[in-house]
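Chemist: Here is the input, now give the coordinates:
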Amino acid sequence: MTARIAHATTSGTFSLDGGTWDVENNVWVLGNESECVVIDAPHELAPIVDLIGGRTVLSVLCTHGHDDHVSVARELSEATGAPVRLHPADEVLWRQSHPDFDYEPLGSQESIAVAGVELQVRHTPGHAPGAVCFYAPELATVFTGDTLFQGGPGATGRSYSSFDTIIDSIRSQLFTLAPDTVVHTGHGASTTIGGERPHLDEWIARGH
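Modeler: Purely as a prediction, here's the structure:
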C-alpha cells in the first residue's frame, strides 16, 4: 500500500484586515488505500471528502491559520473524527474563524507518520506566525502552504506577517532541501526547490 498524493482545488474568499478577496486554494491528501492526512481545509467540504474516499483520516493538518485554509476544518474534523492540527503561534488567526473549536498543537519539529512515510513539520513563520511546511523525505516532496510559491515567497503585506522573517524561513527550512524536491503549494502550480532557489536574491531586492 504505497503512499500517494491526491489533489483538489476549492474556491472561496480570504478575509483579513477588513478586506475580502476571491481565491482558489489547493487541498492535498497524502495516504494509502486505508489511511490518510488532509493538508488544509479550505472553502468546501465535499471536494475534500471526495478525495478522502472513505479512508481513515488521521489528522487535518493546517499549514497556517488564515481563514481560506481553515474555513471547513471544523466540519471536516466532525465528519471524519480526525483532530485538527495547527501551530499554536497562529492562535489569534484561528480564533477569527473558529472562536469555540479547539485544535491540537503542532510542534515546530514534530514528525507525523502516515501510510508508511514520515511528514516532518518545519516551522516557517513570515506569511503567518504559525506557518509550517510538511516535508516528506521518502517522497521528495514538501507541502509549503503560503510560504513558498512558484515565483516567490508568500505575501507579507498584512497583519502578523514579515518579509524578512519569511525569507529567513525559506532560506533555512526549505532551500536546504534537495533541488529536485517537489513543492506543492497552497495556491497555484507546483514547482521545485531547484526551480525557486536561484531567485532568492531577486526576491530580496524586490521585497525591499
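Chemist: I'd like the average pLDDT over the helix or strand that contains residue 15.
Modeler: Using DSSP states H and E, residue 15 sits within strand 4-16. Per-region confidence: strand 4-16 scores 97 on mean pLDDT.
Chemist: got the contact list for the helix or strand just after that strand?
Modeler: Next helix or strand after strand 4-16 toward the C-terminus (DSSP H and E): strand 19-31. Applying C-beta atoms under 8 Å, 6 or more residues apart in numbering, the contact partners of strand 19-31 are 3-15, 36-43, 47-48, 51-52, 55, 68-69, 114-115, 117, 119, 136, 139, 143, 184-188. (Each C-beta comes from the backbone N, C-alpha and C, glycine too.)
Chemist: between whatever helix or strand comes next after strand 19-31 and strand 19-31, how big is the angle?
Modeler: Counting by DSSP H and E, the next helix or strand C-terminal to strand 19-31 is strand 35-39. Strand 35-39 and strand 19-31 are oriented at 160 degrees to each other (axes from the mean of the first three to the mean of the last three C-alpha atoms, to 10 degrees).
Chemist: other SSEs contacting strand 35-39?
Modeler: strand 19-31, helix 45-52, strand 56-61, strand 111-114 (3 or more C-beta pairs under 8 Å, 6 or more residues apart in numbering; DSSP states H and E).
Chemist: winner for burial among these?
Modeler: Highest mean neighbour count of the helices and strands packed on strand 35-39: strand 56-61, a mean of 21 (counted as mean count of other C-beta atoms under 10 Å).
Chemist: and that one, what's its mean pLDDT?
Modeler: On average, strand 56-61 scores 98.
Chemist: Then stretch 113-125?
Modeler: 98.
Chemist: Give me the buried positions along it.
Modeler: Neighbour-count burial for stretch 113-125, counted by 16 or more other C-beta atoms under 10 Å, picks out 114-115, 117, 119-125.
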